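J.: model the structure of this input:
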Amino acid sequence: MRMLKTVLGYGVLGLAVAGMCVVGQARASDLNLIDGAPAIYTVKKGDTLWDIAAHYLHSPWRWPELWQSNRSTVADPHWIYPGDQLYLHWVDGQPRLRRKPRRYLAPKAVVSPKPVTTLPADLLLPYLAEDKLLAKKELKYLPHVIGENRALGYIPRGETIWVDMPLTKGDKWGIFRPKQLLQRELESGETAEVFSLKEVARGEVVAVSGTTSAVLLTGSRREVQPNDVLLPAPLPVSEAAMSFSPSPSPAAAEARVLSGIGGMEYIATHEVVVLDQGHLDGLAAGQVFNLLRPGAGYVGTKGHYDYSKPESPILPPRLRFSQPPQLQAVPIGEVMVIRPYEYFSLAIVTKATEPFRAGAQLVSPSRG
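T.: Numbering: from 1, shown residues only. Purely as a prediction, here's the structure:
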């Protein structure tokens, strides 16, 4: 019988609309059960606390709240076993989960706990290794792919590439492709710039000359191209610190989606996005934001309302109309920070009820 445990904390390198609330929505602190939530749930092999919470809540990231006031039954509410039966009870009008006591007919086997993530591993793990941000000014200091001896434009696994720096023979590297240059204006008047990077292959240094190195491509997700860059190979999955306890972002926190990591026009559930706020703005791994669809603008008076048209980009500012009033913004999903950097962050869309574009606004769930 395998024990499951969540590991608190997340050691990863180091997000708008003010005052909005949604009419008719319950307080952010309320836990509202989904229709058909089971009164008793039996833990299955491979379950995560996120999976279990999805049987009860529209927002599975709020699983820690389901385990509050649970100490009398479970010494550590983060330890559960496959086969355990969980049941609902109510504390101050809020649903909580407890574990039914188990009766053992034989001595309990000694097992080693296995860390699990709050998100399913096959959802979270790829992004921790494949997706990175890198300051524009740092890009020039990385090893760059020159090419391959036969002048291949697209270089597959098993081939040897040459890079423009002497490296250490035997070292393993990840090969990344710069995808987009993203910018953010800082209060100081300066502009912070980062490239989004996507891992395309892995390689090992097999030969070194005075100014170049030969790297054998040992694994690939797509073909390597000249001008791809190298970064030290990510930690093995077994060593990656990828588990954390999700929490609402601070009440005053706001952010905007700058881009999807793949550069596509529309973004959906389970995709990685870049946010315009980072750890210097107070963001941390595990913080969750509500994703908003802005309300349409409108003009006119009673009996003559009409939707407002976007301003013409060719008109000079002095001739443009003032910003028309807007209908209320509506939450359409949730976004969770998975890796904060100084001025930007990578986040995963854990839920989106409709596709959305870059520029979408994010606010704290505590605002309602």
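J.: can you get me a residue count around the residue nearest to residue 269 when sequence neighbours are not counted?
T.: Distance criterion C-beta to C-beta, 6 or more residues apart in numbering; nearest residue to residue 269, sequence neighbours excluded, is residue 352 at 4.7 Å. Heads up, the C-betas are built off the backbone N, CA and C, glycines and all. Per other C-beta atoms under 10 Å, the neighbour tally for residue 352 reads 20.
J.: ok, now which ones touch residue 352?
T.: Going by C-beta atoms under 8 Å, 6 or more residues apart in numbering, residue 352 touches 267, 268, 269, 291, 332, 333.
J.: residue 30 too?
T.: Neighbours of residue 30 in contact, by C-beta under 8 Å, 6+ apart: residue 94.
J.: mind giving me the ChimeraX select for the contacts of residue 352, buried ones only?
T.: With 16 or more other C-beta atoms under 10 Å as the criterion, this ChimeraX line picks the buried residues out of these:
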select :267,291,332,333
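J.: turn the contacts of residue 352 into a markdown table, including pLDDT and distance to residue 344.
T.: Shown next, in a markdown table, are the contacts of residue 352 (pLDDT from 0 to 100; distance: C-beta to C-beta, whole Å):
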| residue | pLDDT | distance to residue 344 |
| --- | --- | --- |
| 267 | 93 | 16 |
| 268 | 91 | 21 |
| 269 | 88 | 21 |
| 291 | 95 | 17 |
| 332 | 94 | 22 |
| 333 | 94 | 20 |
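J.: in strands only, show me the contacts of residue 352.
T.: 291, 332, 333 (DSSP state E).
J.: does the second one touch residue 295 like I think?
T.: No - with contacts counted by C-beta atoms under 8 Å, residue 332 stays clear of residue 295, the gap being 11.8 Å.
J.: residues contacting residue 365?
T.: Taking C-beta under 8 Å, 6+ apart as the test, what residue 365 contacts is 28, 59, 248, 249, 288, 289, 290, 334.
J.: among these, which ones are buried?
T.: So, by 16+ other C-beta under 10 Å, the buried ones in these are 59, 248, 249, 288, 289, 290, 334.
J.: who's the last one bridged to?
T.: So the one you mean is residue 334. Beta-bridge partners for residue 334, by DSSP bridges, are residue 290, residue 351.
J.: just confirm it contacts residue 58, I think it does.
T.: No - using C-beta under 8 Å, residue 334 is not in contact with residue 58, being 9.3 Å away.
J.: ranges for the strands of the stretch 251-368 of the chain?
T.: Secondary structure of the stretch 251-368 of the chain (DSSP state E, counting those that start in this stretch): strands at 254-260, 272-275, 287-293, 298-299, 306-307, 330-340, 345-352, 361-363.
J.: nearest to residue 171, of those strands?
T.: strand 330-340 (23.4 Å; C-beta to C-beta).
J.: the spatially closest residue to residue 167 that is not a sequence neighbour and residue 261, how far apart?
T.: In space, residue 167 comes closest to residue 213 once its chain neighbours are excluded; the distance is 4.2 Å by C-beta to C-beta, 6+ apart. To residue 261, residue 213 is 28 Å away according to C-beta to C-beta, to the nearest Å.
J.: now swap in residue 330 and tell me
T.: 25 Å.
J.: by mean pLDDT, point me to the weakest helix or strand of the chain.
T.: strand 4-6 (a mean of 37; mean pLDDT, DSSP states H and E).
J.: each with direction, which strands does the helix or strand following it pair with?
T.: Scanning forward in sequence from strand 4-6 by DSSP states H and E, the next helix or strand is strand 40-42. Each strand paired with strand 40-42, and its direction, by DSSP bridges: strand 85-91 (antiparallel).
J.: buried sites along the strand it pairs with?
T.: Buried-residue list, strand 85-91, by 16+ other C-beta under 10 Å: 86, 88.
J.: begin at 795 from here
T.: Sure, I'll start counting at 795 from here, so that last one is strand 879-885.
J.: now the helix or strand that that strand is followed by: buried residues?
T.: Toward the C-terminal end, the helix or strand that comes next after strand 879-885 (DSSP H and E) is strand 888-893. Within strand 888-893, the residues that count as buried by 16+ other C-beta under 10 Å are 889, 890, 891, 892, 893.
J.: name the nearest of the residues you listed relative to residue 1015.
T.: Nearest member of the buried residues of strand 888-893 to residue 1015, counting by C-beta to C-beta, is residue 891, at 38.6 Å.
J.: what's the closest one in contact with, if anything?
T.: Taking C-beta under 8 Å, 6+ apart, one finds 846, 850, 860, 861, 864, 880, 881, 882 in contact with residue 891.
J.: read off the pLDDT value for it.
T.: With respect to pLDDT, residue 891 scores 85.
J.: ok, it to residue 882 distance?
T.: Distance check for residue 891 against residue 882: by C-beta to C-beta, it reads 6 Å.
J.: which neighbours do these two share?
T.: residue 850.
J.: now the helices for this structure?
T.: 843-848, 857-860, 915-924, 930-933 (DSSP state H).
J.: avg pLDDT for the first one?
T.: If you average the pLDDT over helix 843-848, you get 83.
J.: what's that helix packed up against?
T.: Judged by 3 or more C-beta pairs under 8 Å, 6 or more residues apart in numbering; DSSP states H and E, helix 843-848 is in contact with helix 857-860.
J.: mind showing which ranges of the stretch 995-1144 of the chain have poor pLDDT?
T.: Low-confidence segments of the stretch 995-1144 of the chain (pLDDT under 70): 1028-1038, 1104-1117.
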